[in-house]
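K.L.:
Could you work out the structure for the sequence below:
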Amino acid sequence: MKPELKQRIGTALLNPAWVCFVWFGMTAGVSMLATPARFAAPLVTRVVALDIGRVVFAVLNKAELIALIILLVVVRVSKRSRRWWVFSALLVLIVLAQSIWLLPELADRTAQIVAGVEPEPSIAHAAYSSLELTKLGLLFCLGMSALMSDSSTQ
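P.N.:
Predicted coordinates:
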């Protein structure tokens, strides 16, 4: 491999944009496309859709934790971490809130519905959705900032 190609690949891998856009696509695909489609399917009952959603979001959460770790490593080794630290810190807070508070509460609500009990109203779903949209905005902004930073240094 040519040395300049190696350098370009190394530079690209040290830019957090790739992590942001892969994570953005993964999250948008599950949250904004697959979830609404599941509830629109006429043969899928509410209980089945909720149970599938519980499993899918648990898997998505694990993938997001991995993406977050990769993002933090890339931001750290990029030597431009100060510029992107605010985005990264906000993403850490959102993923932790979703992992520790919201997903367990939503899973509990799903278990109640599957058991035939209608749970009391909660802000958990609205909070999760709001944080999901905020997370997508942060990933997009960080990704664009990282791309613009690379193009301005060339």
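K.L.:
Going by C-alpha atoms from here, please, whenever you check contacts or count neighbours.
P.N.:
Fine.
K.L.:
What number of residues are in the vicinity of residue 25?
P.N.:
Applying other Cα atoms under 10 Å, we find 15 residues neighbouring residue 25.
K.L.:
Same check on residue 121?
P.N.:
8.
K.L.:
so it, which of the three states?
P.N.:
Three-state call for residue 121 (DSSP: H, G, I helix; E, B strand; the rest coil): coil.
K.L.:
Give me the distance from stretch 123-137 to the chain's centre.
P.N.:
10 Å (Cα atoms, centre = their mean, to the nearest Å).
K.L.:
Mind listing what's buried along that stretch?
P.N.:
124, 128, 131, 132, 133, 135, 136 (16 or more other Cα atoms under 10 Å).
K.L.:
From those residues, pick the one nearest residue 68.
P.N.:
Nearest to residue 68 out of the buried residues of stretch 123-137 is residue 135 (Cα to Cα; 11.3 Å).
K.L.:
Which helix or which strand is home to that closest one?
P.N.:
helix 124-152 (DSSP states H and E).
K.L.:
and that helix, what other elements does it pack with?
P.N.:
With contacts taken as 3 or more Cα pairs under 8 Å, 6 or more residues apart in numbering; DSSP states H and E, helix 124-152 sits against helix 17-28, helix 81-97, helix 103-114.
K.L.:
swap the cut-off to 10 Å and go again
P.N.:
Helix 124-152 is packed against helix 3-13, helix 17-28, helix 81-97, helix 103-114, with contacts defined by 3 or more Cα pairs under 10 Å, 6 or more residues apart in numbering; DSSP states H and E.
K.L.:
Pull the distance from it to the chain's centre.
P.N.:
Per Cα atoms, centre = their mean, the centroid offset for helix 124-152 relative to its chain is 9 Å.
K.L.:
quick one: average pLDDT of that helix?
P.N.:
Helix 124-152 shows a mean pLDDT of 91.
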